[in-house]
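Asks: got a sequence here, can you build the structure:
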Amino acid sequence: MVDSNVEGVEQTVSTGTLPGWDQVDSLVAAAYERNSACSDGSAADYIPVLAQADPDLFGVCVVEVDGGVHVAGDAEVEFSIQSISKAFVYALVCEDLGHTAVGDLVGVNNTGLAFNSVMAIELNDGHPMNPMVNAGALATTALVPGTTPDDQWDNIHKGLSAFAGRTLMLDEEVYLSESATNTRNRAIARLLESYGRMGRDPLEVVDVYTKQCSLRVSARDLAIMGATLADGGVNPVSGERVVSAEVCRDTLAILAANGLYERSGEWLFEIGLPGKSGVSGGLLTVSPGKAGIGAFSPRLDSAGNSVRGQQATAYLSRVLGLNIFASQPHAPGERSSGAR
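Replies: Numbering: from 1, shown residues only. Below you'll find the model as predicted:
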């Protein structure tokens, strides 16, 4: 980890605001309409049950940090959260263990390789590198507090439900389908064990991880979960504090660097926001201090990211002024009073 030498220095926060309610509502509808006809990509087929998804489903939702909800299309349709769960389990572990410990154990740097790469582990002497690839996610799940796997699962289930503001349900069909085909994740867990980076039974960790990926959410749920990260850890719908503002900052930094796997750099370049995709077609995006965006469309690109979800989010990032790197020249006379 970088020696930043900022211990004891308080984090100053400065964010803007979204346009008015009606404008946000119309722009969410426009994001849906302008991309609903796209048929590029295909549903994931390496998990049999995901291949059965209706490819025409498409939903978009924006949830503001004040709790305002804007939906279009199939935003209430449920699907398995898949890899998007990685972001929230990471946040829960950071809340329990802290910034430095999790950063050292799991890492923060992009591998530049596929999310389920074994080569990435070998090239980095057994280090999982970051919590958004499968190796890092398994290492993170192993750190979840709990004496038994059932205790860990209970903590994850309660934690992700708190992020969503409602009790999420396990999709048993997805869980069983993934359990029957997750041989690669089992191999990754065994490999991490061989490097001394798996403090629990690796197959039990894979089972808990498979369950967390099988929780059912909607685009609306994802937007609420994202808005919780955007609002310093307070769920804007339920009012519950889920994690600290510091944990939200760390989680969003990880998402910015790694959330869309080997396409993370392209995503940040084009959209300019932290985000996380899942192979069921879900896509989570967070605008710090402003809103969470949830999208769902099962057709994926070659990296496993929702095609229409990316298009809708790119549009909303531009029209809502969300890109964290965007700026414009200040108007004459707007210099601060201390300028010379």
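
Asks: buried stuff in stretch 65-84?
Replies: 65, 68-75, 78-84 (16 or more other CB atoms under 10 Å). Glycine gets a C-beta too; all of them are placed from N, C-alpha and C.

Asks: helices - which of these land there?
Replies: If you go by DSSP state H, those have nothing in helices.

Asks: among those, which are in strands?
Replies: 69-73, 79-80 (DSSP state E).

Asks: for the residues you listed, name the two members farthest from one another.
Replies: Using CB to CB, these span at most 23.9 Å, a distance reached by His70 and Ser80.

Asks: excluding its backbone neighbours, what's nearest Phe325?
Replies: Distances taken as CB to CB, 6 or more residues apart in numbering place Gly272 nearest to Phe325, at 4.8 Å, with adjacent residues excluded.

Asks: what about the one you found, neighbour count?
Replies: Using other CB atoms under 10 Å, Gly272 has 18 other residues around it.

Asks: quick one: contacts for it?
Replies: 317, 322-326 (CB atoms under 8 Å, 6 or more residues apart in numbering).

Asks: repeat that for Thr15.
Replies: 288-290.

Asks: who wins for neighbours among those residues?
Replies: Lys290 (23 neighbours).

Asks: verify the stated contact: Glu173 with Val49.
Replies: Yes. If you go by CB atoms under 8 Å, Glu173 and Val49 touch, sitting 5.5 Å apart.

Asks: okay, these two: which has more neighbours?
Replies: Each of Glu173 and Val49 has its neighbours counted (other CB under 10 Å); Val49 has more, 19 against 13.

Asks: now do the more buried one against Val63, distance only.
Replies: 28 Å (CB to CB, to the nearest Å).

Asks: Ile324 too?
Replies: Distance, Ile324 to Val63, by CB to CB: 18 Å.

Asks: for these two, indicate the residue with more neighbours.
Replies: Using other CB under 10 Å as the criterion, Ile324 and Val63 rank with Val63 on top: 30 against 19.

Asks: name the nearest of the ones in strands among the buried residues of stretch 65-84 relative to Arg249.
Replies: Closest approach to Arg249 among these (CB to CB): Val69, at 24.3 Å.

Asks: which residue is the nearest non-sequential neighbour of that closest one?
Replies: Val63 (5.2 Å).

Asks: ok, that neighbour touching Ser287?
Replies: No. At 10.6 Å, Val63 does not count as touching Ser287 under the criterion of CB under 8 Å.

Asks: and the helices in the chain?
Replies: Under DSSP H, the chain gives helices at 21-35, 85-97, 99-106, 119-123, 134-142, 149-164, 172-179, 183-194, 202-213, 219-230, 245-258, 264-270, 307-319.

Asks: would you format these as JSON lines with mean pLDDT and distance to Glu7 included?
Replies: Shown next, in JSON lines, are these (pLDDT from 0 to 100; distance: least, CB to CB, whole Å):
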{"stretch": "helix 21-35", "mean pLDDT": "95", "distance to Glu7": "39"}
{"stretch": "helix 85-97", "mean pLDDT": "95", "distance to Glu7": "17"}
{"stretch": "helix 99-106", "mean pLDDT": "80", "distance to Glu7": "10"}
{"stretch": "helix 119-123", "mean pLDDT": "58", "distance to Glu7": "31"}
{"stretch": "helix 134-142", "mean pLDDT": "90", "distance to Glu7": "24"}
{"stretch": "helix 149-164", "mean pLDDT": "98", "distance to Glu7": "27"}
{"stretch": "helix 172-179", "mean pLDDT": "94", "distance to Glu7": "42"}
{"stretch": "helix 183-194", "mean pLDDT": "88", "distance to Glu7": "31"}
{"stretch": "helix 202-213", "mean pLDDT": "96", "distance to Glu7": "32"}
{"stretch": "helix 219-230", "mean pLDDT": "98", "distance to Glu7": "24"}
{"stretch": "helix 245-258", "mean pLDDT": "93", "distance to Glu7": "12"}
{"stretch": "helix 264-270", "mean pLDDT": "90", "distance to Glu7": "28"}
{"stretch": "helix 307-319", "mean pLDDT": "94", "distance to Glu7": "34"}
